[in-house]
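Quick check, what structure comes out for this input:
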Amino acid sequence: MKILGIESSCDETAVSVVEDGRHVLSNMVVSQIEEHKLYGGVVPEIASRRHCESIVNVTNLALSEAGVALSEIDAVAVTYAPGLIGALLVGVNFAKGLALAAGKPLIPVHHIRGHIAANYLAYPELKPPFLCMVMSGGHSHIVWVKSYTEFEIIGRTRDDAVGEAYDKAARALGFSYPGGVQMDKAAKEGDPSHYHLPKPRVEGCPYDFSFSGLKTAVLNLINNSRQKGETVVINDVAAAFQATVCDLIADRLMRAAKERKADKIVLAGGVSANSGIRERMQKECQEAGMKLYMPPLCYCGDNAAMIASQGYFEFLNAAKAGMNLNGTASLPITDEKFDRI
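Numbering: from 1, shown residues only. Take a look at the predicted model:
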């Protein structure tokens, strides 16, 4: 079964064709990062306009690369939530028109479910249940994946997502957008013991995160050092920040895994590309005798292959929408907001 996936929730216009939820036939992504760098972050209006300009060509390229015609596609899957509402609407409305014109089923896909599904593309043997840490610029969740379409949130951030905290700390250190990648590189050259950063906890919620406090601690460290006329060692701050993030994620995730008696841990989302987090979780899982699955770097960021993959499993679960499908800016991974037909 061939699924055409469409992803436009933020600043990547992506279209992919995936067969049976596992085999990628094409995966086209047009990024807007270079343009948004000028503004220090994603500008929603610009993102929406660029999606409008790119989506037709990207779709044609994806079909050509896959070697299939639109008539040979079995269903159209699209990210409908969560994300920037204007950006989402471009993808949703294009997918609706495409599905209607071609007479194909329309499959709504939750963006975070898609990030988890990215691992199905790389590991044919991976099947639920398993424990997953979803990490991105807008989301930080520990999710118990009961089945391909059933999810339970065990832990979550109470404020900033980990990717957001990385970008804000990076900006304070003078790195350009997107700062998370540059923080990761700087951390490799720094001494994590030079600076001490706090490890915020949420009272009574052992699996929840609070990355805002960690970000604020970095800002205070920089400001206090400058007021005292001290030199801020940027690489050391980056290393301390990354080491603290790794401690927080490993602590929450491994405790949750032991409680659920999980033997498989999965990483997902853009921040799962972070080398420090990947190395730390490899070490933790090896010591605990658990199997670790991490998406290849090409599937960590937003892409349409993950949407097509999850779309396949949603289709098997009869998640078909009509022409009244709308974009939704915010929606828990456990919920759906569309009328099944």
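
List the buried residues for the helix or strand bottoming out on mean pLDDT in the chain?
For the chain, the helix or strand with the lowest mean confidence is helix 33-37, at a mean of 90 (criterion: mean pLDDT, DSSP states H and E). Neighbour counts over helix 33-37 (16 or more other Cβ atoms under 10 Å) mark H36 as buried. Heads up, the C-betas are built off the backbone N, CA and C, glycines and all.

With only the CA atoms kept, save it in PDB.
The C-alpha trace of helix 33-37 is given here as PDB (Å, rounded to 0.1, in the frame of the first residue of the first chain):
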ATOM      1  CA  ILE A  33      16.100  27.700   7.500                       C
ATOM      2  CA  GLU A  34      18.400  30.100   5.700                       C
ATOM      3  CA  GLU A  35      15.700  32.700   5.200                       C
ATOM      4  CA  HIS A  36      14.400  32.400   8.800                       C
ATOM      5  CA  LYS A  37      18.000  32.900  10.100                       C
END
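
Quick check: what element follows that helix along the chain?
Using DSSP states H and E, the next helix or strand after helix 33-37 towards the C-terminus is helix 44-66.

Output that following helix as CSV, restricted to C-alpha atoms.
Output of helix 44-66 as CSV, limited to C-alpha atoms (Å, rounded to 0.1, in the frame of the first residue of the first chain):
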residue,chain,number,x,y,z
PRO,A,44,5.0,32.2,10.6
GLU,A,45,3.7,34.4,7.8
ILE,A,46,6.9,33.8,5.8
ALA,A,47,6.7,30.1,6.4
SER,A,48,3.1,29.9,5.1
ARG,A,49,3.9,31.8,2.0
ARG,A,50,6.9,29.6,1.2
HIS,A,51,4.8,26.5,1.6
CYS,A,52,2.3,27.9,-0.9
GLU,A,53,5.2,28.5,-3.4
SER,A,54,6.8,25.1,-3.0
ILE,A,55,4.2,22.4,-2.3
VAL,A,56,3.1,21.7,-5.9
ASN,A,57,6.7,21.2,-7.1
VAL,A,58,7.8,19.2,-4.1
THR,A,59,4.8,16.9,-4.6
ASN,A,60,5.7,16.4,-8.3
LEU,A,61,9.3,15.6,-7.4
ALA,A,62,8.2,13.1,-4.7
LEU,A,63,6.0,11.2,-7.2
SER,A,64,8.7,11.3,-9.8
GLU,A,65,11.4,10.1,-7.4
ALA,A,66,9.1,7.3,-6.3
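
circling back: and for the least confident helix or strand of the chain, what are the contacting residues?
D11, V42, V43, I46, A47, R50, S176, Y177, P178 (Cβ atoms under 8 Å, 6 or more residues apart in numbering).

swap in stretch 215-234?
Under the contact criterion Cβ under 8 Å, 6+ apart, stretch 215-234 has outside partners 160, 165, 168-169, 172-174, 186, 190-191, 194-195, 197-198, 237, 241.

The closest residue to G174 other than its chain neighbours - how many residues pack around it?
For G174, ignoring the flanking residues on the chain, the nearest one in space by Cβ to Cβ, 6 or more residues apart in numbering is I234 at 7.0 Å. For I234, the count of nearby residues is 18 (other Cβ atoms under 10 Å).

Okay, I234 and Q182: tell me how far apart.
According to Cβ to Cβ, to the nearest Å, I234 and Q182 sit 10 Å apart.

and what of R113?
Relative to Q182, R113 is positioned 29 Å away (Cβ to Cβ).

I112 is in contact with H141, correct?
Yes. If you go by Cβ atoms under 8 Å, H141 and I112 touch, sitting 7.1 Å apart.

any common contacting residues for the two?
With Cβ under 8 Å, 6+ apart, H141 and I112 have common neighbours V134, I333.

Backbone dihedrals for the spatially most central residue of the chain, please?
With distances taken as Cα atoms, centre = their mean, G269 lies nearest the centre of the chain, 2.8 Å away. Here is the backbone geometry of G269 (degrees, to the nearest 10): phi 100, psi 170.
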